[in-house]
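Student: turn this into a structure:
(chains A, B and C)
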Amino acid sequence: MTNSALPTPDAQNVTTIDDAQSVMPDLPRRARILKTLRPWLKPKIVLGGTVVFMLVFIGIFAPVIAPYDPNGQNLINALRAPGWFSEPHFLGTDHVGRDILSRIIYGARISLVIAATVVVISGVIGIGLGAISGFFAGRTDFLIQKLVEVVWAFPPLLLAIAIMAFFGQSLLILIVALVVQRWIPYCRVAGGQALSLRTRDFVDAARSLGASNTRIITRHVLPNLIQAAMVIGTFAMATAIIAEASLSFLGLGVPPAIPTWGSMLADGRTYISTSWWLALFPGLCIFFTVLGINMLGDGMRDLFDPRLKRPGQGMG
Amino acid sequence: MKPNRRFIGAALASASLLGAAATLSPASAASTVVVGATETISSHNPHGDSISMGYGIWCEVYGCLGTYSFTKGAYVGMLAESWSVDKADPNIWTFKLRQGLKRHVDGKELTSEDVVHSITRMGTDPQTRQKQNVKHVKSVKAIDKYTVEVVTKQPTAPLLEFLFDRVMITGKDLFDKHGPKVADRQYPLGWGPYKLKEIVIGQRIVLEKDPASTFAKPENPDTLIFRIMREPEQRVTALLNNEIQIAQFIPPHLGPRIKSATNANLVPTSSVELMFLAMSPKKKPFDNATARKAACMAINRDAIIKAILGGQAERLDAPIGEGQYAYNPADAAKMKVPYDPAAAKALLEKAGLVGAEIELETPVGRYVNDKQITESMIPMLNAVGFKAKLKTPEWPTLWANVQKGNVPFFYMGRGGVVDPSPAFAQYFETGGSPRIGFSSAKVDALLQKERATFDPEERKKVINQAFAQIVEEQPACFMWKHKLLYGISKGVAYTPNPTGKVWGSEIAVK
Amino acid sequence: MLSYIVRRILGTIPVILLISLLVFMLVQAAPGDPADLLLSDEATKEDIDDARKRWGLDQPIHVQYGKFLIAALQGDLGTSFRYTDPVVTMIVDRLPATIELAVVSILIALIVGVPLGVWAGARPNSWIDNVGSFVGFFGISMPNFWFGIMLILVVSGYFNLLPSAGRSTYGVGGPPITGFFILDNIIHGDWNAVRDGISYIILPAVALGTNMMGILMRVTRSSVLEVMHEDFVRTARAKGVRDTVVLWRHVVRNALIPIITVVGLELGTLLSGSIIVETVFSWPGSGSLLISAITSRDYPLITGTVLTYTLAFVIINFIIDILYGTIDPRIRFDK
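Tutor: Modelled structure (predicted):
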């Protein structure tokens, strides 16, 4: 796949994993480790990765970090403006006196859990179906493609809204609603890869040596999907977070006992002109989290796909 | 928002993109009052809706037999001049119509035939949503040109609650000649003070004063426009910008913005919607009366009214409040349920119900701050020993389950309660709606008695006895009545009506 | 080419049929009885049963679907339970507002995203690239409804520059011709009304279009980067053709395919995003109509609106496929 007209990488010019790997054999072990790590140290990946790491950290250690009980009400203290460092509630309180900072911290947890679950489940379903459809072609492929078309034809949020509105509010149904269309990008990529690989010589060779279909899929097809899946997965996490927030915003998200950024936004919208802090901070959190995840995914894609990023020749 | 910022902003705005917005000139040649409303009627058919805004508009265009006057605390005739119940057979009501009332445009006089036609149509029109208004009527007949006789199925003292304010009188001749669709859309002619000029469903309703009408006064606005503005922020901004003159139903937290405005006043008014927590005695733990008592005593209503409703609600000690028929402060004080979490806790401990799981269900955005209010109730219930959770299902799902009687514990409102009889029969009489599933022979007897008592003072006493019994058995905790907040431009004099309807004939343009 | 088009059309028909069935069943499966919801609080069981009969809800579901399908094929999507108006009329009434919003959003996304992407791609790793890339990331990461709320808070609320709700000032503008307010008033020559309409559409369009703007920016940038190194570009530059000409003529033309792909792919997201943005800005389009239809279980209205959105989506994707075929002849014969 490499174009011979393109400059060959050397030790100073390592920008992709392929580059790194091609330079590898010449170096001692320690330098080899550094060289593997180097491509990952781009600003996009570092920044994005930091955000994701912080998200996970906050999510895991929420009970330790949060200053107050996220559901602890205090009616007398309702709608207090942010106290920052001078007063008790750093980001203020909401309409029933709950501490906003604590709710945001716990909200990180929920957003993370929901997004990760959705991504994993849709990934498994999508890659599974895609690999099967691409590999077996014929009628299986046709059916699966038709399924993809029908589900894909629904404007994305609409289907989720319908499911949530009709089948009730619960964490499980929310995850179903979010997975229902999200498996498709995985399916498409997996299908494409599987299809192209199916026709390659080495598959025929392996078959002639007696390898079963399953073995071919797991050994040869799937590993190539992992990289693509990682990229899709990061972006999918971002959209899952936004989708959950959108559904909560419409009143269709998780039940009220669970604090999520989206439902905090929905609550805060009523008070937007009088108590702006209820809506501002959860929104900022969603934005920066999604931004970080997107940067990470983008950086990873640059790494994995050598065609997209070339050292700048630019205009001069 | 600092005032000088807003001033600069406004100056910039008028110089830049906004252009010449169509503002309305005050009472000069023709006066117009625009109302920012939240509800919309959904049809040209006057029987096609059952909301207070619809009743208000159709009664003002077509005319109703009569209306309840909150200032007088009694029913007042509009198209009907007088009415009486037959002494011998209390099922027979006789209404005498005003004579010489001329209709819009064609000047046809109101006759009893039109009344008979309207009452019949209300029950039989294929699109009607108002059948319940005539459910007590067995027959209606024109005795002479200006006299109508209504016969009820059973003695029904609160009949006017059904027939006044809700039964608009449309013309029989137009219906017979053109059929309902054409008559409603092209000939909406009536005997009310305002003519229907235009309906754009979901957006606006435009009414024009009929200066010749007996019910219209010179100071009433010549044009009355209802603009549907669902977002409260939108209504407040429009009021402050002079785009509208009356903004309905301002949520409590936006009240201060109007109070501090220079061109408008914040006018609170009592409402007729009862907010309550319903507890079904058919489901655990509320099958035990102690649990119900404990739940009601656990709720700190005053704190909620203060913190979440900005003080804009009247606590209900009796099941009804100020302005509603048969309300009596002395009786109310006797029925009051105290806020006493310690006592509630003791009750639960004694009954062995500590840790009882309850799920409170509430709609979201249907009533003022409903979610916020119920959120604050959960810790209160937990504090006395319940294990309480909040559920916020989507309205259609919640309503479907409530109607089937499947929701053991819910927060809801019952609107339109002027004479409490229909509402209480519906919720608390055996055979009423299955929503709460409450049944008590004592309560049944009292409710049936009040319906058959025609002497007003006697009836009020019986009603209060029924209330006392209901509060005693406690299938519901009566919370409060919201105060309806209106933003009213300083150029307009208007006392809002507790039912939420807006009548042009009650508005005076200064 | 013709056979390709015909094949595609035939291919979408079963999909659309399946979707209509899916929507129909989904809607009926939901808890909540439209008769109960739309009649008054005090309606009796007989009244409710009456209404159900009138609306055909007492019949078995396959009968209902059959009737619906036959009517739909003749262009009749039924009558709204709540408004007693034909669904088609109601949708036609509200759809132009949504389309107007979508079109302006896409325009904003194109006008801001594409040039930014080209500039950034032409000068990779420069400060222009960094700024442009950040704007791109901003666009794709911003939840549109929160952005809308913030815009209302700051632009409308604090600075009072633009209105925050509705489509036009009441009383401004002439009678509708096409249903597109701004277009209609351009036809009328009422520039006051045009300005008014623009002032109302800016904020919601910006909120809605920012996402697509971000994606377009990044896609344009990467396709520009890709193409910058193609042989023919080098040849042109070697021949001495001026850089700007090379850039705009060759590079942009090749970036067209990904741009069109993005617009097509993201249109679905845009349509569903418009539902939320319409709610936030009280924009009177079919999105807010759908939300209220869902809340009142107005089956015909829900089915009709969802079908319309889906049909629009399918048709637009179809058009984009055709456009592909015209721009890149390799694709047509691929299948």
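Student: then the strand or helix carrying B:Ile225 to PDB, C-alphas only?
Tutor: Taking DSSP states H and E as the criterion, B:Ile225 maps to strand B:223-228. Only the C-alpha atoms of strand B:223-228 are listed here, as PDB (Å, rounded to 0.1, in the frame of the first residue of the first chain):
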ATOM      1  CA  THR B 223     -58.700  43.100  19.000                       C
ATOM      2  CA  LEU B 224     -57.700  40.300  21.300                       C
ATOM      3  CA  ILE B 225     -54.900  38.000  20.100                       C
ATOM      4  CA  PHE B 226     -53.800  34.800  21.700                       C
ATOM      5  CA  ARG B 227     -50.300  33.800  20.700                       C
ATOM      6  CA  ILE B 228     -49.100  30.300  21.600                       C
END
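Student: for that strand, which strands pair with it and how are they oriented?
Tutor: Taking DSSP bridges as the criterion, strand B:223-228 forms sheet pairs with strand B:32-37 (parallel), strand B:204-209 (antiparallel).
Student: pick the most deeply packed of these.
Tutor: Of all these, strand B:32-37 has the most neighbours on average by mean count of other CB atoms under 10 Å in any protein chain shown, namely a mean of 25. In short, each C-beta sits where N, CA and C put it, glycine included.
Student: how far out from the middle of the chain is that strand?
Tutor: 19 Å (CA atoms, centre = their mean, to the nearest Å).
Student: quick one, the following helix or strand past it and strand B:223-228 angle?
Tutor: Note on strand B:32-37: by DSSP H and E, the next helix or strand toward the C-terminus is helix B:52-61. Helix B:52-61 runs at 160 degrees relative to strand B:223-228, counting by axes from the mean of the first three to the mean of the last three CA atoms, to 10 degrees.
Student: avg pLDDT for helix B:52-61?
Tutor: Averaged over helix B:52-61, pLDDT sits at 94.
Student: how about it as PDB, C-alpha atoms only?
Tutor: Provided in PDB are the C-alpha atoms of helix B:52-61 (Å, rounded to 0.1, in the frame of the first residue of the first chain):
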ATOM      1  CA  SER B  52     -60.100  25.900  29.900                       C
ATOM      2  CA  MET B  53     -58.600  28.100  27.200                       C
ATOM      3  CA  GLY B  54     -61.000  26.600  24.600                       C
ATOM      4  CA  TYR B  55     -64.000  27.100  26.800                       C
ATOM      5  CA  GLY B  56     -63.000  30.600  27.500                       C
ATOM      6  CA  ILE B  57     -62.600  31.500  23.800                       C
ATOM      7  CA  TRP B  58     -65.800  29.800  22.600                       C
ATOM      8  CA  CYS B  59     -67.900  31.200  25.400                       C
ATOM      9  CA  GLU B  60     -66.700  34.600  24.500                       C
ATOM     10  CA  VAL B  61     -67.400  34.100  20.800                       C
END
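Student: and the closest residue to B:Ile143 other than its chain neighbours, what does it touch?
Tutor: Leaving aside its sequence neighbours, B:Ile143 sits nearest to B:Glu149 (CB to CB, 6 or more residues apart in numbering or on different chains; 5.2 Å). Contacts here follow CB atoms under 8 Å, 6 or more residues apart in numbering or on different chains; on that basis B:Glu149 touches B:92-95, B:140-143.
Student: A helix includes B:Glu149, no?
Tutor: No: per DSSP: H, G, I helix; E, B strand; the rest coil, B:Glu149 lies outside any helix segment and is strand.
Student: from C:Ile182, how far out is it?
Tutor: Per CB to CB, to the nearest Å, B:Glu149 is found 59 Å from C:Ile182.
Student: surely C:Gly166 touches B:Glu231?
Tutor: No: applying CB atoms under 8 Å, one finds C:Gly166 not in contact with B:Glu231, separated by 9.5 Å.
Student: quickly list what's touching both of the two.
Tutor: Residues within reach of C:Gly166 and of B:Glu231 at once, by CB under 8 Å, 6+ apart, are C:Ser282.
Student: what residues sit buried inside stretch B:493-503?
Tutor: B:494, B:496-503 (16 or more other CB atoms under 10 Å in any protein chain shown).
Student: same deal with stretch C:188-207?
Tutor: So for stretch C:188-207, counting by 16+ other CB under 10 Å, buried means C:190, C:192-207.
Student: tell me the pLDDT at the closest residue in space to A:Phe281 that isn't next to it in sequence?
Tutor: Leaving aside its sequence neighbours, A:Phe281 sits nearest to A:Leu91 (CB to CB, 6+ apart; 5.3 Å). A:Leu91 is assigned 92 on the pLDDT scale.
Student: from the contacts of B:Glu149, pick the one nearest A:Ile293.
Tutor: Ranked by distance to A:Ile293 (CB to CB), those are led by B:Val140 at 69.2 Å.
Student: list the buried residues in the helix or strand where that closest one lies.
Tutor: B:Val140 belongs to strand B:137-144 when assigned by DSSP H and E. Under the neighbour-count criterion of 16+ other CB under 10 Å, strand B:137-144 has B:137, B:140, B:142 buried.
Student: ditto for stretch A:37-57
Tutor: The neighbour-count check on stretch A:37-57 (16+ other CB under 10 Å) flags A:39, A:42, A:44-45, A:48-49, A:51-52, A:55 as buried.
Student: next: stretch B:81-95.
Tutor: Using 16+ other CB under 10 Å as the burial criterion, the residues of stretch B:81-95 that qualify are B:83, B:85, B:90-93, B:95.
Student: now render these as TSV, adding distance to chain A and pLDDT.
Tutor: Supplementary listing: the buried residues of stretch B:81-95 in TSV, determined by distance: CB to the nearest CB, whole Å; pLDDT from 0 to 100:
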residue	distance to chain A	pLDDT
B:Trp83	45	95
B:Val85	48	94
B:Pro90	49	92
B:Asn91	47	94
B:Ile92	50	95
B:Trp93	46	95
B:Phe95	46	96
